[in-house]
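> Sequence and predicted structure, then a few things I'm wondering about:
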Amino acid sequence: MSRTGTTGTKKRSRTRRAGESAFGLLLVLKNTLMALLALLLLVAGAWTSWNTAQYAMLVQAKERGTLTVAGCDDDRCWGPYVPTGGDGQRRAKVVLAETAAPEKGRRVEVTVEPDTDRAVRTGPGGILYAWVPLGGALLLASLVVAGGLRMRRTAWGVGLSGVALLVAAFFTL
C-alpha cells in the first residue's frame, strides 16, 4: 500500500476490458462449437448404425432364418434363404453385405428387412458389424475432443471404445 492509501494498481482501460471479454466469448464459442461437432458425429454414427442394428438386435424380427452363400461380387453376396422362425417364407435369393458374409457355401443366420430382399446378419457378429459406423464416429469424435476441446483423457476413452468396437466386430465376423 502506498502513502496515499491506494494499492498502486491501475484501472484497466475500457478498450482492454472489452478485448478480454471478446476473447473469452470467442473461447466459449469455440468450445461450444467443438462440443456440438463431437455430438453431431456421435449422433450421426448412432443413427447410421441403428438402421441396420435394429434388425440384427431385435428378437421380434418378422423373418429370421439362414442364408447359404451361393455367390459374391464386389460389395455383396447372395444365396437362398430358408426361414427358421417368424412368419417368413423361402426365397430363392436374398442379398447380404459382402463384408458380413462368410465364404461361399457356408450358412449364416440372418433376418430379412421388411419389404426388401436385403438380409442382415444376426448374432454377436452381426450386431457388432451393425454398430461399426458408431465405432468410426467414436474415433472421429475423439480427435475433436482432443484437439478442439483439449480434453485428452476423455478423448482417449472415446477413441479406445471406438477401437474396441471395431476390433470386436472384425474378430466376431
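Done, it's in. Numbering: from 1, shown residues only.

> what sits against the spatially closest residue to residue 75 that is not a sequence neighbour?
Taking Cβ to Cβ, 6 or more residues apart in numbering as the measure, residue 75 lies nearest to residue 98, with 5.3 Å between them; neighbours along the chain are not counted. (C-beta placed from N, C-alpha, C; glycine too.) Residues near residue 98 by Cβ atoms under 8 Å, 6 or more residues apart in numbering: 72-77.

> Enumerate every residue touching the residue nearest the centre of the chain.
For the chain, the residue sitting closest to the mean C-alpha position, by Cα atoms, centre = their mean, is residue 134 at 1.0 Å. With Cβ under 8 Å, 6+ apart as the criterion, the residues that contact residue 134 are 42, 45-46, 48-49, 162, 165.

> Who wins on neighbours among the contacts of residue 98?
Neighbours here mean other Cβ atoms under 10 Å. Within the contacts of residue 98, the largest count is held by residue 77, at 23 neighbours.

> close enough to count as contact, that one and residue 96?
Yes: using Cβ atoms under 8 Å, residue 77 is in contact with residue 96, at 5.0 Å.

> Let me see the mean pLDDT of the helix or strand residue 37 falls within.
In the assignment (DSSP states H and E), residue 37 maps to helix 14-57. The average pLDDT within helix 14-57 is 90.

> Make residue 1 into 5 and carry on from there
Yes, from this point I'll number from 5; that puts the last item at helix 18-61.

> For the next helix-or-strand element following it, enumerate the helices and strands it packs against.
Reading on from helix 18-61 to the C-terminus, the next helix or strand found by DSSP H and E is strand 67-72. Strand 67-72 sits against strand 80-90, strand 111-116, with contacts defined as 3 or more Cβ pairs under 8 Å, 6 or more residues apart in numbering; DSSP states H and E.
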